[in-house]
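> Show me how the following folds:
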Amino acid sequence: MAPDPVDLTQSLSWPVIRPIINTLNLSGHAAYVVGGAVRDMLLGLDPSDVDILTDAAPEAVNRLFAGRKIRQVGRTFEISLINGVEVASCRSTPDAKFPEADLGMRDFTINSMAWDPFSGTLIDPFNGQRDLADKVIRFTRSPGDRIKEDPIRMVRACRFSARYQSEIEPASLAAIQSRKKEIGTRAAGERIRAEVVKAMAMARPSQFFLQLSHTGLLALIFPSLDRCRDLDGGPHHGETVFEHCMLVGDALPARRPMLRLAGYLHDVGKFDAARLKDGQLTFPGHEKYCGALEEDLKRLRFSNKDMTYILSLVRAHMRPLNEDSTPRAVRRLLAMLADLDLTYHDFLRMRIADKKGNLAKAPYTLSQARVRLGKIKEQLAAHSAFTMNDLNISGREIQEVLGLSPGPKIGEIKRYLFDRVLEDPHLNTAPALTDLIREFKK
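The predicted structure follows:
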């Protein structure tokens, strides 16, 4: 038996939707709050957005709200956005029952409920409230039909399962496993990417990746990660490479989704780098094996900016920073981060999470983290040069000293000067750099 209906009035931004539903009702049209807003209110959560379903045709909606802030959105069916609230017309034939006909076309039972805020009536033809209470993710009506309409719903099932700590019911799971290949042939990469990014906001996105793995979708979405599921972490780890990636990603902040995603993917190069040395599995230079990951990110249509950021974090994450790191080593680290356009904050976040995700070692203590941060701040406070543009001499001045014309030689000299200044910041003065230039020529 389903739980008793709940009074949802106090859970909703009532002043936002009341005028819209009032206008529709006064014009003889029915209107309900539907979908995710109802689901979240039943869970005692504040809905991030509110959708309204009405039996009024789109033309009637536009006429009723003429003169207000309104625009049309949606590709598969027309939706009116009124003062930021989505108002959709029922997707059904005129003789079908409203709103059940539309609810029956929605993805999951927990999203297939409607609520009348005036009467307090909850319309729940597919027992979504019961599934919500029982922590079950179930496709509405026929799982195969729902997936055929939109294969991205398979990824959404994994995300909802992780978000609400719910199991995907057997028939729905079987449908996903039998139709999983459609995610690679019928779902746009950018839509899959959007689901992945949404999952990064959860408390433990590792549960999302585990569901993707359980359904077989992970091999089609992130094959570079999927192949690490049974890859031993080697003698310095107490977990598999896949488990390590899950622990690292969970340890990174939800407010930084690309950083967190990089955590889940940072060691996927170990599969290509794996070598046996003296009978032990090692992964020399694994941070440089980014080809498979880059292909995954391209297929999911990540922006160049996000892709470069993720790959840069992967390439940088093995750079050492220890209690005994010398000032010179710290300067070279900061120069590398500047070259990769990474902040030292994100580098440290990744390093701390990487250590925390290693079950064979203790995580950094607060004192150890502060020592590392202090070493970085000490070099930053010294105003050292971390890029060639920080040199106190210009390319034109180098030309004048040596009597050279512009060309590759000037860049070669600047790289030499920069390397010397990284070794000894006191050399970053015009007279000292001029002397080094003349020395270089000799």
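> Strands along the stretch 201-350 of the chain, start to end?
Using DSSP state E, counting those that start in this stretch, the strands of the stretch 201-350 of the chain run over 275-277, 280-282.
> closest to residue 30 out of those?
strand 280-282 (63.9 Å; Cβ to Cβ). From N, CA and C alone the C-beta is placed, and that goes for glycine too.
> Who are the packing partners of that closest one?
For strand 280-282, the helices and strands in contact under the criterion 3 or more Cβ pairs under 8 Å, 6 or more residues apart in numbering; DSSP states H and E are strand 275-277.
> I'd like the distance from the strand it packs on to the chain centre, please.
Mean-position distance between strand 275-277 and its chain equals 33 Å (Cα atoms, centre = their mean, to the nearest Å).
> Note down every partner strand of it and its orientation.
In the sheet, strand 275-277 lines up against strand 280-282 (antiparallel) (DSSP bridges).
> what does the strand it pairs with contact?
232, 234, 235, 274, 275, 276 (Cβ atoms under 8 Å, 6 or more residues apart in numbering).
> circling back: out of the strands of the stretch 201-350 of the chain, nearest to residue 140?
strand 280-282 (46.3 Å).
> Would you mind writing the CA trace of stretch 236-253 as CSV?
Output in CSV follows, covering the C-alpha atoms of stretch 236-253 (Å, rounded to 0.1, in the frame of the first residue of the first chain):
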residue,chain,number,x,y,z
HIS,A,236,51.7,0.6,-3.1
HIS,A,237,47.9,0.5,-3.1
GLY,A,238,45.3,-1.5,-1.1
GLU,A,239,42.6,-1.3,-3.8
THR,A,240,42.1,-1.7,-7.5
VAL,A,241,42.7,1.3,-9.9
PHE,A,242,38.9,1.7,-10.4
GLU,A,243,38.3,1.7,-6.6
HIS,A,244,41.0,4.2,-6.1
CYS,A,245,39.5,6.5,-8.7
MET,A,246,36.1,6.3,-7.0
LEU,A,247,37.6,7.1,-3.6
VAL,A,248,39.6,10.1,-5.0
GLY,A,249,36.6,11.6,-6.8
ASP,A,250,34.4,11.3,-3.8
ALA,A,251,37.0,13.1,-1.7
LEU,A,252,36.9,16.2,-4.0
PRO,A,253,34.4,19.1,-3.6
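> Now it: average pLDDT?
For stretch 236-253, mean pLDDT is 97.
> So which bits of that stretch are buried?
237, 239-252 (16 or more other Cβ atoms under 10 Å).
> what sits against the closest residue to residue 128 other than its chain neighbours?
Nearest non-adjacent residue to residue 128, counting by Cβ to Cβ, 6 or more residues apart in numbering: residue 109, 4.0 Å away. Going by Cβ under 8 Å, 6+ apart, residue 109 touches 126, 127, 128, 131, 138, 139, 140.
> for stretch 334-354, which positions count as buried?
Buried, per 16+ other Cβ under 10 Å, within stretch 334-354: 334-338, 340, 342, 344, 346-354.
> do the same with stretch 266-283
Applying 16+ other Cβ under 10 Å to stretch 266-283 flags 266, 267, 268, 269, 270, 271, 272, 274, 281, 283 as buried.
> For that stretch, list the C-alpha coordinates in PDB.
Extracted in PDB, the C-alpha atoms of stretch 266-283 (Å, rounded to 0.1, in the frame of the first residue of the first chain):
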ATOM      1  CA  HIS A 266      43.000  10.700 -13.100                       C
ATOM      2  CA  ASP A 267      44.500   7.200 -13.100                       C
ATOM      3  CA  VAL A 268      42.900   5.600 -16.200                       C
ATOM      4  CA  GLY A 269      46.300   5.800 -18.000                       C
ATOM      5  CA  LYS A 270      47.600   3.100 -15.700                       C
ATOM      6  CA  PHE A 271      45.900   0.500 -18.000                       C
ATOM      7  CA  ASP A 272      48.200   1.500 -20.800                       C
ATOM      8  CA  ALA A 273      51.300   2.200 -18.600                       C
ATOM      9  CA  ALA A 274      51.100  -1.200 -16.700                       C
ATOM     10  CA  ARG A 275      54.400  -3.100 -16.600                       C
ATOM     11  CA  LEU A 276      55.800  -6.000 -14.600                       C
ATOM     12  CA  LYS A 277      59.000  -5.300 -12.900                       C
ATOM     13  CA  ASP A 278      60.600  -7.900 -10.600                       C
ATOM     14  CA  GLY A 279      57.300  -9.600 -10.500                       C
ATOM     15  CA  GLN A 280      55.400  -6.500  -9.300                       C
ATOM     16  CA  LEU A 281      52.900  -4.400 -11.300                       C
ATOM     17  CA  THR A 282      54.100  -0.900 -11.900                       C
ATOM     18  CA  PHE A 283      52.700   2.100 -13.900                       C
END
